[in-house]
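J.: structure, please.
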Amino acid sequence: MTEKFTKQNVVDQVVAFHGHMCPGLAIGMRASEIALKEIGPHALDEEVVAVVETDMCGVDAIQFLTGCTFGKGNLIHLDYGKNAFSFYRRSDGKAIRIVMRSDAFGSADKEWEKLVVRLSVGNISPQERQRFQHKKDERSRLILQAPLEALFEVKQPSKPMPRSARVQASLDCEKCGEKVMESRVRRLRGKTLCIPCFELHEPR
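T.: The predicted structure follows:
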């Protein structure tokens, strides 16, 4: 790990931002480590753009450490369910895609998988919950300490650099009356609707 990420205060700050430590957050921290090394910190708004293919905990680490955020428009979510993160530098077009290795955790941990299932369905005993927490902490620690090349593959993105964020006009939804970004309106029977109203009244 680089000096930046061996400092406990940096880990503590990310955990405080997110709310807890977990393997997902640790993955985001380590992916950010590569991004900051290869692409660099953002010097200007939108100089660095992140495209994340998951909505898991690690995205909070990416926001905190790289400065790419949804609000600035330089953090883009693709709902693919993959631990894959692309970073683009607008000034010279440099880009990388960081993908979690399938064997990053070694052989399958049947106990971990069983505990995850039991937790997800709400059928977990206090003893199992304690065991789950122990294994979660252990996994997080291993991710933070592992060599980056053991965790990730670094590739070239297959998609071009996203265009810059644009300020768009807002229109009134003719059903609920609420303002909606022009690029998100839908048309139904001659009316301009927001997405929720369109989905509510769209013919099935």
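J.: how close does F152 get to D109?
T.: Look at F152 and D109: by Cβ to Cβ, to the nearest Å, they are 19 Å apart. Backbone N, C-alpha and C define where each C-beta goes, glycine included.
J.: with neighbour numbers in mind, choose between the two.
T.: A count of neighbours by other Cβ atoms under 10 Å puts F152 above the other of F152 and D109, at 23 against 14.
J.: which residues touch the more buried one?
T.: By Cβ atoms under 8 Å, 6 or more residues apart in numbering, F152 lies in contact with 30-31, 34, 98-101, 104.
J.: phi, psi for it please.
T.: As for F152, its main-chain torsions (degrees, to the nearest 10) stand at phi -130, psi 150.
J.: so what's it bridging to?
T.: According to DSSP bridges, the residues that bridge with F152 are M100.
J.: burial count for the nearest residue to K136 once chain neighbours are set aside?
T.: Of all residues beyond its chain neighbours, the one nearest K136 is C22 (5.9 Å), with distances taken as Cβ to Cβ, 6 or more residues apart in numbering. By the criterion of other Cβ under 10 Å, C22 has 20 neighbours.
J.: report pLDDT for C22.
T.: We note a pLDDT of 94 for C22 in this prediction.
J.: show the contacting residues for it.
T.: 57, 136, 140.
J.: out of those, flag the one nearest to A169.
T.: Nearest to A169 out of those is C57 (Cβ to Cβ; 34.8 Å).
J.: ok, now which ones touch that closest one?
T.: C57 touches 18, 22, 24-25, 28, counting by Cβ under 8 Å, 6+ apart.
J.: farthest pair in those?
T.: C22 and G28, at 10.0 Å, using Cβ to Cβ across the contacts of C57.
J.: surely L119 meets Q130?
T.: No. Counting by Cβ atoms under 8 Å, L119 sits too far from Q130 to count as a contact (11.8 Å).
J.: break the chain into its domains for me.
T.: 3-155, 170-201 (automatic domain parsing).
J.: please pull out the lowest mean pLDDT helix or strand from the chain.
T.: helix 3-6 (a mean of 50; mean pLDDT, DSSP states H and E).
J.: just the ones in helices from the contacts of C22, please.
T.: 136, 140 (DSSP state H).
J.: quick one: buried residues of stretch 180-195?
T.: Neighbour counts using 16 or more other Cβ atoms under 10 Å place 180, 185-186, 192-194 of stretch 180-195 among the buried residues.
J.: ends of it, how far apart?
T.: 9 Å (Cα to Cα, to the nearest Å).
J.: helices of the protein, start to end?
T.: 3-6, 8-18, 23-38, 58-66, 110-120, 126-145, 148-151, 195-201.
J.: V48: which of the ones you listed is closest?
T.: Among these, helix 58-66 sits nearest to V48 (Cβ to Cβ), with 6.3 Å.
J.: check the offset of the closest one from the chain's centre.
T.: Offset of helix 58-66 from its chain centre (Cα atoms, centre = their mean, to the nearest Å): 7 Å.
J.: what packs against it?
T.: helix 8-18, helix 23-38, strand 48-52, strand 75-77, strand 84-89 (3 or more Cβ pairs under 8 Å, 6 or more residues apart in numbering; DSSP states H and E).
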